[in-house]
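In: sequence? don't have it. structure:
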């Protein structure tokens, strides 16, 4: 729920909003990806989908699940970070409240949290993702949130769907492309459901 050629590579990747910033390990890397020298920087994270592009015949916003409408109390610590979460949403033209909901689900507004997989901070950036995004200190709350916002914006631009962008944030864009929708793994459907619930209910 993550360099010698970093700066030019990161700039090029972000310029065309590629999926070069995925957050999850790729369980089935292709031989082409394994041999791609430029992917070596991201050996532990699925950052590339050069072999496949999102099909224009795929549904724009698949109806994959129902979303709970239970209102909950805002997580502790939200007030401390809400101003620059909102600022990042505006700066990167994200749907109002979506980044806020994502941060709530990813870290419950705990800026120093590190997952078992190594994801860090409010937006739970994997280390190589943070480097590719130019986030020099992933535990710096402002830098982390801005990096997460940029990555989420890239996924929205790529897939044209909030549900698929959230799935790609969690499982990686290549996994979404392979599944032609939300990957049916043990984590991603529940993750998407939680973020959508937090966002749609507006309780955060």
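Out: Thanks, I have it. Values in this document were obtained by computation on a predicted structure and should not be read as measured data.
In: just checking, next helix/strand downstream of the biggest helix by length in the chain?
Out: As assigned by DSSP state H, the longest helix anywhere in the chain is helix 141-159. Next in sequence after helix 141-159, counting helices and strands by DSSP states H and E, comes helix 162-171.
In: name the helices or strands packed onto that following helix?
Out: helix 98-107, helix 141-159, helix 173-179, helix 188-201 (3 or more Cβ pairs under 8 Å, 6 or more residues apart in numbering; DSSP states H and E). (Each C-beta comes from the backbone N, C-alpha and C, glycine too.)
In: taking the mean pLDDT, what do you get for it?
Out: Average pLDDT, helix 162-171: 97.
In: what of stretch 124-142?
Out: 95.
In: need the distance between the two termini of that stretch.
Out: One end of stretch 124-142 sits 13 Å from the other (Cα to Cα, to the nearest Å).
In: buried sites along that stretch?
Out: Buried positions in stretch 124-142, judged by neighbour count with 16 or more other Cβ atoms under 10 Å: 124-133, 135, 138-139, 141-142.
In: least confident secondary structure element in this protein?
Out: Sorting the helices and strands of the chain by mean pLDDT, DSSP states H and E puts helix 31-35 at the bottom, at a mean of 37.
In: which SSE is immediately downstream of it?
Out: Downstream of helix 31-35, the first helix or strand assigned by DSSP H and E is helix 78-91.
In: now do the buried residues in that next one.
Out: 78, 81, 84, 85, 88, 89.
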